[in-house]
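*Asks:* What would the 3D arrangement of this be:
(one chain, ligands or ions: 2)
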Amino acid sequence: MELPGNTHAEMRRFHRKHGVTELMMRLNTHEVPEYYVKPVSERRIVEADEDLEQIPCINLQAPMSEDLLTAVARACTEWGFFYLINHGVPVSHLQDMQRCTREFFSLPHQEKLKINTPAGNAGPVHFGGGGNRDWREVLRIHFAPISESDKDYWPSKPVGFRSLLEEHENHLQRLSVNILSIISLSLGLNEDFLIEACGEAKSSITVNHAPPSLDPSLTMGHRTHSDPNMLTIILQDDVGGLQVQKGNRWFNVRPMENSFVVNIGDQVQILSNAKYKSCLHRVVNNNHSPRTSTAFFIAPSRNTTIGPAPVLVDENESPVYPNMVYGDYLDDFYEQAHCPDSSYPELRETEN
Ligand SMILES: O=C(O)CCC(=O)C(=O)O
Ligand SMILES: [Fe+2]
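*Replies:* Ligands and ions are numbered 1, 2, ... in the order given. Predicted coordinates for the structure are as follows:
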């Protein structure tokens, strides 16, 4: 049986390939291995005020109105995050996704490894450990643009998962275009502005699974980061752990039944010339219940150039950010991912 080895590099390689559950099983220890211990500055300090404020809630049942646009504008200015309710995705679909994603991670380890192709993370699907030193594992699936044959790689277990993933793709493609049009309008832009800014938009999902941690004060389920893309739509289970930063303080994004959590990515911050914020967020671990979440991402194609929308730059101001090719942005972003805050430093400077 392959063992993780002792060096940081060996642990990292093992984690990437097999995930935290398998690594812990093979190490057969009750202590958090050094590899997963976050530096003090990145650990959670439990504060009484984590529940003092809540992210805003946007109700999509309301007809399009100035009030809706104002609420979205305020959410994107102050938090970069909001709950979305009455979003039109059937509750039965949400429940099926929660069940199937949980069941996927309960499959025998060898079964999960079966879906991997030699292309690894760049393949159409991938199972493995998530993030450097994060106490979580992931299932990644690239949606559009893909060929029909890519779907042959989608997990066939648990039964029904494949068709569910297809439904999820359909629902969330539609929903993300709808949200991007509302955000565009809330910025005073044409409703197609943000989706068109993506070029040939790319979408994918990451299903995150954080097993209970041996010591949640030392580990992190998802390190502090902002999302480099355009928009993220998260379906989280009822366990909790997601937190968002506002004004240097961390607030819980408590599970809300039948809702999605939406957060804007760095590209919206850039296109809005820093009017809207792509906020830092993270997932803290617990020591009692596994947590599963499904994040749907919509992003520009790599060759698309993104910069502040000219109409959002005041006449006597210069743009806050230069134009940048998204693929270059992404490469820089992942280089920075080795820093404590996995986020783009130039964007953080415009905050607070
Ligand atoms: O697990 C979550 O709730 C958040 C996931 C997330 O931030 C991400 O995948 O970028
Ligand atoms: Fe994120």
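*Asks:* beta partners of Ser234?
*Replies:* Not Ser; residue 234 is Ile. Applying DSSP bridges to Ile234 yields these beta-bridge partners: Val261, Ala295.
*Asks:* Enumerate every residue touching it.
*Replies:* If a contact means CB atoms under 8 Å, 6 or more residues apart in numbering, then Ile234 has Leu242, Phe260, Val261, Val262, Asn263, Ser293, Thr294, Ala295, Phe296 as its contacts. Just so you know, the C-beta spots here come from the backbone N, C-alpha and C atoms, and that holds for glycine as well.
*Asks:* could the residues you listed be laid out in a markdown table, adding pLDDT, neighbour count and distance to Leu312?
*Replies:* Putting the contacts of Ile234 into a markdown table (pLDDT from 0 to 100; neighbours: other CB atoms under 10 Å; distance: CB to CB, whole Å) gives the following:
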| residue | pLDDT | neighbour count | distance to Leu312 |
| --- | --- | --- | --- |
| Leu242 | 98 | 25 | 29 |
| Phe260 | 98 | 24 | 26 |
| Val261 | 98 | 23 | 26 |
| Val262 | 98 | 25 | 21 |
| Asn263 | 98 | 27 | 20 |
| Ser293 | 98 | 24 | 32 |
| Thr294 | 98 | 24 | 32 |
| Ala295 | 98 | 20 | 27 |
| Phe296 | 98 | 24 | 26 |
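*Asks:* so who does the residue of the stretch 101-250 of the chain found nearest ligand 1 touch?
*Replies:* Nearest to ligand 1 in the stretch 101-250 of the chain, going by CB to the nearest ligand atom, is Leu242, at a distance of 4.0 Å. Counting by CB under 8 Å, 6+ apart, Leu242 touches Ile234, Gln236, Asn252, Val253, Val261, His281, Arg282, Val283, Ser293.
*Asks:* Please list which of those residues also come close to ligand 1.
*Replies:* Ile234, Gln236, His281, Val283, Ser293 (CB under 6 Å from any ligand atom).
*Asks:* And the helix or strand containing Ile183, what does it pack against?
*Replies:* Assigned by DSSP states H and E, Ile183 belongs to helix 161-186. Applying 3 or more CB pairs under 8 Å, 6 or more residues apart in numbering; DSSP states H and E, we find helix 161-186 packed against helix 66-78, helix 91-106, helix 193-197, strand 202-210, strand 231-236, strand 260-264, strand 291-299.
*Asks:* which residues touch the fourth one?
*Replies:* So the one you mean is strand 202-210. So strand 202-210 is contacted by 101, 104-105, 130, 135-145, 165, 168-169, 172-173, 176, 221-222, 241, 283, 285, 290-301 (CB under 8 Å, 6+ apart).
*Asks:* what are the pairing partners of it, and which direction each?
*Replies:* Here strand 202-210 is paired, per DSSP bridges, with strand 137-142 (antiparallel), strand 291-299 (antiparallel).
*Asks:* before we move on, the earlier item: how far does the helix holding Ile183 sit from the chain's center?
*Replies:* Centroid separation for helix 161-186 versus its chain: 15 Å, with CA atoms, centre = their mean, to the nearest Å.
*Asks:* Also stretch 35-48?
*Replies:* 20 Å.
*Asks:* Name the residues that touch it?
*Replies:* Identification of contacts with stretch 35-48 by CB under 8 Å, 6+ apart yields 8, 11-12, 15, 20, 133-135, 216-220, 223-224, 243, 249-250, 284, 340.
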